[in-house]
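Enquirer: below are the sequence and a predicted model for it; my questions follow.
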Amino acid sequence: MHTPTPTPRIRITVFGAAGTAGSRVVTEALSRGHEVTAVVRDAARFPELHPDATHRTGDAGNPDHVAELAAGQDVVINATRPAPGREADHAAVIGALLAGLAEAPGARLLVIGGAGSLTVPGTAGTLAIDDPRYVPPAWRHIAAASNAQYDALRTAPTDVNWTYLSPSAVLEPGTRTAAFRLGEDELLVDAEGNSSLSMEDLAVALLDETENPRHPRARFTAGY
C-alpha cells in the first residue's frame with residue numbers, strides 16, 4: 001500500500017496579513033500545518049490576525065524590515081495593496097522586497113498581483129486593462145499599478161527566486177472549492193466569458209505553488 005509523503009512544514013512570512021487576500025493565505029497555510037509569521041504595519045491590527053500565527057510588525061517597502069522578517073524563512077508572500085492615492089508605491093515595494101530577500105538566501109518570493117497584464121483570449125494580444133469587460137474604468141488605476149508591479153518584478157536583475165500570481169479579473173471573498181484551472185499569461189474565462197476566482201481559492205493556488213513550485217521566476221494565473 002502506498003503511503004503519501006507528508007508535505008514538510010514550511011516557514012512562511014506574509015506581508016499584508018490582515019487584508020482580504022492575505023488573511024485567507026494565512027488561514028490556508030496554517031490549515032496545512034505550516035509555520036506562519038503574519039506581518040502588518042501597525043500593531044493595532046494584531047487583533048485582526050489569525051491567533052495561531054506569529055504576529056509581527058513590518059513594512060514590505062522597507063528592505064531592512066523585509067530582510068529581518070525573511071531571515072530563516074522558506075517563503076515570503078506579498079499580499080499588500082497600495083493605499084488610495086499611493087498606487088505608485090506598488091512597484092516600489094517590489095524593489096524593497098527583492099533587496100531584503102537578497103539578504104536572506106534561500107527564501108522564495110511569491111507575489112499576489114493583478115489581472116490587468118494578462119492577455120484577453122481571442123483578441124490577438126489585448127491586455128485585460130484595455131478591455132472594459134474585465135477592467136472597468138473605476139479599477140483602471142489599480143490595474144495600472146499592478147501592471148507596473150509585475151514589470152518591476154519580471155525585469156529586475158535579481159537572483160531571488162520569485163513567482164507572480166495574477167488572479168482572474170473578478171477576485172472576491174467566496175467559497176473554497178479547490179477546483180480551478182491554472183494558466184500562464186492569458187486571462188482564464190468560462191464559457192460565458194466570465195473571469196473570476198474566490199479569494200479562498202486564490203489562497204489554495206498560492207499554497208499549492210508554495211509547496212510544489214511549478215513557476216520559478218515566472219507568472220501564473222488561476223480561475224474557473
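Expert: Looks like it came in fine. Numbering: from 1, shown residues only.

Enquirer: for this protein, give me the ranges with low pLDDT.
Expert: Per-residue confidence of the chain (counting by pLDDT under 70) places the weak regions at 1-6.

Enquirer: try it again at 90.
Expert: Within the chain, the stretches with pLDDT under 90 are 1-8, 82-88.

Enquirer: dump the strand or helix carrying Gly100 to CSV, restricted to CA.
Expert: Of the helices and strands defined by DSSP states H and E, Gly100 is found in helix 89-101. C-alpha atoms of helix 89-101 as CSV (Å, rounded to 0.1, in the frame of the first residue of the first chain):
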residue,chain,number,x,y,z
ASP,A,89,4.2,52.6,-4.3
HIS,A,90,3.0,49.2,-5.6
ALA,A,91,6.0,48.8,-8.0
ALA,A,92,8.5,50.4,-5.5
VAL,A,93,7.6,47.7,-2.9
ILE,A,94,8.9,45.1,-5.3
GLY,A,95,12.3,46.7,-5.2
ALA,A,96,12.3,46.7,-1.4
LEU,A,97,11.2,43.0,-1.3
LEU,A,98,13.9,41.9,-3.7
ALA,A,99,16.6,43.9,-1.8
GLY,A,100,15.5,42.5,1.5
LEU,A,101,15.3,38.9,0.2
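
Enquirer: and that helix, what does it pack against?
Expert: helix 63-70, strand 75-78, strand 108-112, helix 140-154 (3 or more Cβ pairs under 8 Å, 6 or more residues apart in numbering; DSSP states H and E). Just so you know, the C-beta spots here come from the backbone N, C-alpha and C atoms, and that holds for glycine as well.

Enquirer: who's in contact with the residue nearest to the spatial centre of the chain?
Expert: Nearest to the mean C-alpha position of the chain, counting by Cα atoms, centre = their mean, stands Ile112 at 1.8 Å. By Cβ atoms under 8 Å, 6 or more residues apart in numbering, the residues touching Ile112 are 21-22, 25, 77-79, 165, 167, 202, 206.

Enquirer: burial count for Arg181?
Expert: 13 (other Cβ atoms under 10 Å).

Enquirer: show me what it is bridged to.
Expert: Gly223 (DSSP bridges).

Enquirer: quick one, what contacts it?
Expert: With contact taken as Cβ under 8 Å, 6+ apart, Arg181 is in contact with 188, 222-224.

Enquirer: for those residues, which single residue is the most surrounded?
Expert: Gly223 (26 neighbours).

Enquirer: my read is Glu28 is in a strand, agree?
Expert: No: assessed with DSSP: H, G, I helix; E, B strand; the rest coil, Glu28 is helix; it does not lie in a strand.

Enquirer: before we move on, back to that, make TSV out of the contacts of Arg181 and add distance to Val135.
Expert: Output for the contacts of Arg181, formatted as TSV (distance: Cβ to Cβ, whole Å):
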residue	distance to Val135
Leu188	15
Ala222	18
Gly223	15
Tyr224	18
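
Enquirer: of those residues, which pair is most distant in space?
Expert: Farthest-apart pair in these is Ala222 and Tyr224; separation 8.8 Å (Cβ to Cβ).

Enquirer: intersection of neighbour lists for the two?
Expert: Jointly contacting Ala222 and Tyr224 under the rule Cβ under 8 Å, 6+ apart are 168, 180-181, 188, 197.

Enquirer: from these, pick the one nearest Phe46.
Expert: So of these, ranked by how close each gets to Phe46 (Cβ to Cβ), first place is Leu197, at 28.6 Å.

Enquirer: which ones are touching the residue nearest to the closest one when sequence neighbours are not counted?
Expert: Nearest non-adjacent residue to Leu197, counting by Cβ to Cβ, 6 or more residues apart in numbering: Ser168, 4.2 Å away. By Cβ under 8 Å, 6+ apart, the contact list for Ser168 reads 115, 187-188, 195-197, 221-224.
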